[in-house]
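**Student:** Here is a sequence together with a model predicted from it:
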Amino acid sequence: MRRTLTLAVIMTFVVCGGTFADTDYKYAGEFLNVGAGARALGMGGAFVAVADDGTAAYWSPGGLSLLKSREVAFMHCQQFDNLVKTNFISYVHPTSRWGTFGICWLRLGVEDIAKTGYVDANGNLKQDYFDTNDNAVKDPGELYIEHPVIVGYFDDAEDGVFLSYGTQLNDSLSVGANLKLIRQVLGSHTSSGFGLDIGILCELFSGFKIGLNLQDVPRTKLSWDLTGHEDTIPFSVRAGAAYTGQIQSLRSILTVSWSVNTKYDTTMHYGAEWWLLKTLAMRIGLDDSRFSAGCGLRVSTFQVDYAFIGHDDLGNTHRISTSVQF
């Protein structure tokens, strides 16, 4: 009981503390927030206290020790009229003695972004703002032009590699960590940095778990080449709870989950998953008031999942992911 109360106090503290994190650079490394795995996304992203599949490192490395078999997971999606492409692949390797190791790679890419400018009185191409002092930097008071012309194209590629480890401290408490390597390429410029996540998963009683993922614990610094500019990903928290129970009369398993994320603002996530005969799954969720739903099919050690994610402003998206245990 004392351990449970202590963990609850820690979770309350870090959630409240994360809410008031410095927001000066709060959108740095934003691509890391796109989500991984159609199963979790179909549940509204309320997965931090579930985290029991090949995407565990992304949602909370504290769940890695729940995996008893090696697993490979993959997700690909194209969003916003195929402008944005996202790929995720992971490998998890449990051992009988040394805990569970994992590695995953998340990439977001946008191709052929138009670079705009304007033609000055001498016929020279300039930036898409009026550089009145010709210092090649947009200074306060220098306005963007109304009708720029396209002077070229460039690509944006953003990568996150997670090296993960998790172990079970006792029958009810598991911990884990991610070492993250982040690299962004924007046209001819690059930035890179290292980050650290710490995850905790605790089963308070049979079927009921609470989870915690402390993200970017030391504040992840992303340093850009040439300019020397440095972005900072602020410390944030994912925390949540989940309950899983069997419905014997229907030969099914039901999970309901909730989580909170302080990455940008405090957002709430709710989800539910119903497995019939451990073969067919139906899911529903709310991702910060955005509706999501999905389904899954498991045949032996192979699983395929689908998720629908609604968005009023940017349009609906569809995600498909697969995984195999061996």
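**Tutor:** Received it, and whenever you're ready, just let me know what you need.

**Student:** what kind of secondary structure is Leu32 in?
**Tutor:** Using DSSP: H, G, I helix; E, B strand; the rest coil, the three-state assignment for Leu32 comes out as helix.

**Student:** from memory it sits against Ile182, does it?
**Tutor:** Yes - contact criterion CB atoms under 8 Å: Leu32 and Ile182 qualify, at 7.4 Å. All C-beta spots, glycine's among them, are computed from the backbone N, C-alpha and C.

**Student:** how far away is Val48 from Leu222?
**Tutor:** Taking CB to CB, to the nearest Å as the measure, Val48 falls 24 Å from Leu222.

**Student:** I figured Gly240 hits Trp258, correct?
**Tutor:** Yes - between Gly240 and Trp258 there is a contact under CB under 8 Å: 5.5 Å.

**Student:** Now the common contact residues for the two.
**Tutor:** Jointly contacting Gly240 and Trp258 under the rule CB atoms under 8 Å, 6 or more residues apart in numbering are Ala46, Ala49, His269.

**Student:** doesn't Lys209 make contact with the second one?
**Tutor:** Spelled out, it's Ala49. Yes - counting by CB under 8 Å, Ala49 touches Lys209, with 4.9 Å between them.

**Student:** Just want to know which of those two has more residues nearby.
**Tutor:** Per other CB atoms under 10 Å, whichever of Ala49 and Lys209 has more neighbours is Ala49, with 30 against 26.

**Student:** For that one, which non-adjacent residue is closest in space?
**Tutor:** Sequence neighbours aside, Gly211 is the residue nearest to Ala49 in space, at 3.5 Å (criterion: CB to CB, 6 or more residues apart in numbering).

**Student:** so what's the one you found up against?
**Tutor:** 48-51, 60, 62-63, 199-202, 238-242, 259.

**Student:** Backbone dihedrals for it, both of them.
**Tutor:** The phi/psi pair for Gly211 (degrees, to the nearest 10) reads phi -130, psi 160.

**Student:** which residues of the stretch 51-200 of the chain fall in strands?
**Tutor:** 71-79, 84-94, 100-119, 125-126, 149-168, 173-186, 189-205 (DSSP state E, counting those that start in this stretch).

**Student:** got it, and the stretch 201-326 of the chain?
**Tutor:** Assigned by DSSP E, counting those that start in this stretch, the strands in the stretch 201-326 of the chain fall at 208-215, 220-224, 230-233, 236-247, 252-261, 267-276, 280-287, 290-299, 302-309, 317-325.

**Student:** Out of these, which gets nearest to Ala157?
**Tutor:** Ala157 sits nearest to strand 220-224 of all these, at 14.1 Å, using CB to CB.

**Student:** average pLDDT for that closest one?
**Tutor:** The average pLDDT within strand 220-224 is 90.

**Student:** how about that strand: buried residues?
**Tutor:** Going by neighbour count (16 or more other CB atoms under 10 Å), the buried part of strand 220-224 is Thr220, Lys221, Leu222, Trp224.

**Student:** just to revisit the earlier point, please enumerate the shared neighbours of Ala49 and Lys209.
**Tutor:** With CB under 8 Å, 6+ apart as the test, Ala49 and Lys209 both reach Leu201, Ala241, Ala242.

**Student:** Neighbour-wise, which one of those leads?
**Tutor:** Highest count within these by other CB under 10 Å belongs to Leu201, 30 neighbours.

**Student:** residue contacts, it?
**Tutor:** Residues counted as contacts of Leu201 (CB under 8 Å, 6+ apart) are 49, 51, 60, 62-63, 66, 173-176, 209-212.

**Student:** Tell me the spacing between Trp98 and Tyr27.
**Tutor:** Distance from Trp98 to Tyr27, by CB to CB: 38 Å.

**Student:** on that earlier part again, looking at strand pairing, list the partners for the residue nearest to Ala49.
**Tutor:** Taking DSSP bridges as the rule, Gly211 bridges to Leu201, Gly240.

**Student:** What of Pro94?
**Tutor:** Bridge pairing for Pro94 (DSSP bridges) gives the partners Thr100.

**Student:** Run through the residues that contact it.
**Tutor:** Leu64, Ser65, Leu67, Lys68, Ser69, Arg70, Thr100.

**Student:** Of these, just the buried ones, ChimeraX syntax please.
**Tutor:** Only the buried entries of these go into this ChimeraX selection, using 16+ other CB under 10 Å:
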select :64,65,67,70,100
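
**Student:** As TSV, the contacts of Pro94 with distance to Ser323 and pLDDT would be great.
**Tutor:** Listed next are those as TSV, based on distance: CB to CB, whole Å; pLDDT from 0 to 100:
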residue	distance to Ser323	pLDDT
Leu64	14	97
Ser65	18	94
Leu67	11	95
Lys68	14	92
Ser69	11	95
Arg70	11	97
Thr100	15	97
